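Chemist: please work out how this folds:
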Amino acid sequence: MPRARRRPRRARDGDDVKRAASWLVRRSATAAVALIGATVLSLAIAVGLPGDPARVLVGPQARPADVEVAQRIYGLDGTWYQRLGRHLGRVVHRAPAAGASPDARAHASCSAPIAAVHVDLGTSFAYRKPVAALVWARLPRSLELALGALVVQLIIGLGAGVLAGARRGGRADDVVMGAALLGASAPTFVVGAALQHVLAYRLHLLPLDGVGKGLGQHLASLVLPSIVLGVYGSALLARLTRDQVRAALAADPARTARAKGAGPLRVVVAHGLRNALLPIATLAVLDLGALVGGAIVTEKIFRWPGLGDMAVTAIVNRDAAATTGVALAAATVVAVASIAVDLLALLLDPRLRGGAQ
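Modeler: Below you'll find the model as predicted:
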């Protein structure tokens, strides 16, 4: 039988680009729907709570007219579904046309990440500032802390997991798994208070809290909260790495390498750690998104001015606009991290590229 003619390489590359572009569009659309759902859910919960935030804002002795003015200024008037509709209608809108005279009051709480598009998350009555501006100012701090915690997870979790996987059934395996269980079950506020007492208060090795002044103090202030936030993830990453390394070392390629005289370190790195790279990278990138929105306790303990600290203040004051802004920012980071995970998987494993259709 005549052999089938293979398509030119350029045509195959063009098809791959089209499939990748189509996949990226679909994933972006799914992420957009998820962000809308997160916004609706968080705002519905915030505005559906009993009580009147405007009354809390102006005080219990304020006149009804003052309460009505506060409700109108901060968008707290109307039923919960009317407030929800107003909020969704103004989240993203076009900027005023060039040469037009925009309504300053209508755009007072806007932020403009792109010249032609405004993002309006309302005005926080707890902070007396536009929510979008608060989120843009605090998001870098949360990202700093999340990246620091991720570094801690990779150093501790990866190293401990490789050690336990290479020494399966031995004393090192038992010690690592016991430490992982302790790290996964220890409450964050207990770990934070203990490290503050020992490393900051007793030994004076690191700052107690805050962000510090200057680059050196800022990096030193980042160490303790990064460790506290990264402990739980380190435990999970150590268990995952251990299982992946054990499975890879028990497979035929690793046995063949040992039979040919390869040293233990080379076998672990070339076969155990290499084969475990994809699930570890997937967990790490996804965890980065979760760390941004999940650092509430850590940021409060260390007075770190990120989204978690803002969320606590907003919830305590029943500030629906600020609460929704934090939820939307955290959901956006998670959505972007999810897309990055899929792209990373396609890059690390060529066998998955055919399924990106």
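Chemist: in the helix or strand containing residue 138, what counts as buried?
Modeler: Here residue 138 is covered by helix 131-152, with elements defined by DSSP states H and E. Buried residues in helix 131-152, counted by 16 or more other Cβ atoms under 10 Å: 131-135, 138-139, 141-146, 148-150, 152. The way it works is simple: take the backbone N, C-alpha and C, and place the C-beta from them, glycine included.
Chemist: residue 342: how many residues sit nearby?
Modeler: 16 (other Cβ atoms under 10 Å).
Chemist: pretty sure it contacts residue 28?
Modeler: No. Taking Cβ atoms under 8 Å as the definition, residue 342 is not a contact partner of residue 28, at 11.3 Å.
Chemist: which residues in the stretch 51-200 of the chain form helices?
Modeler: Assigned by DSSP state H, counting those that start in this stretch, the helices in the stretch 51-200 of the chain fall at 53-58, 64-73, 80-90, 131-152, 159-166, 171-185, 188-195.
Chemist: which residues touch residue 210?
Modeler: 221, 302, 303, 304 (Cβ atoms under 8 Å, 6 or more residues apart in numbering).
Chemist: just the buried members of those?
Modeler: Applying 16+ other Cβ under 10 Å to the contacts of residue 210 flags 221, 302, 304 as buried.
Chemist: so the last one: helix, strand or coil?
Modeler: Translated: residue 304. Following DSSP: H, G, I helix; E, B strand; the rest coil, we place residue 304 in the coil state.
Chemist: tell me which element the closest residue to it other than its chain neighbours falls in.
Modeler: Spatially, and ignoring its direct neighbours in sequence, residue 304 is nearest to residue 225 (5.6 Å; Cβ to Cβ, 6 or more residues apart in numbering). Using DSSP H and E, residue 225 sits in helix 214-249.
Chemist: how about residue 207?
Modeler: Here residue 207 is assigned to no helix or strand, by DSSP H and E.
Chemist: for the helix holding residue 225, the distance to its chain's centre please.
Modeler: 15 Å (Cα atoms, centre = their mean, to the nearest Å).
Chemist: helix or strand right after it?
Modeler: Sequence order places helix 252-259 as the next helix or strand after helix 214-249, per DSSP H and E.
Chemist: can you tell me which helices and strands that following helix packs against?
Modeler: Helices and strands touching helix 252-259, by 3 or more Cβ pairs under 8 Å, 6 or more residues apart in numbering; DSSP states H and E, are helix 264-267.
Chemist: tell me the average confidence for the helix it packs on?
Modeler: Taken as a whole, helix 264-267 has an average pLDDT of 68.
Chemist: one step back: and the buried ones among the contacts of residue 210 as a markdown table, adding pLDDT and distance to residue 237?
Modeler: Shown next, in a markdown table, are the buried ones among the contacts of residue 210 (pLDDT from 0 to 100; distance: Cβ to Cβ, whole Å):
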| residue | pLDDT | distance to residue 237 |
| --- | --- | --- |
| 221 | 89 | 24 |
| 302 | 89 | 22 |
| 304 | 87 | 22 |
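Chemist: just the closest of the residues you listed to residue 57, please.
Modeler: Nearest to residue 57 out of the buried ones among the contacts of residue 210 is residue 304 (Cβ to Cβ; 26.3 Å).
Chemist: how about that closest one, what does it touch?
Modeler: Here residue 304 is in contact with 141, 145, 209, 210, 211, 225, 295, 298 (criterion: Cβ under 8 Å, 6+ apart).
Chemist: do you know the pLDDT at the first one?
Modeler: In other words, residue 141. Looking at residue 141, its pLDDT is 90.
Chemist: which residue packs closest to it, ignoring adjacent ones?
Modeler: residue 306 (4.1 Å).
Chemist: could you measure from residue 321 over to residue 144?
Modeler: 25 Å (Cβ to Cβ, to the nearest Å).
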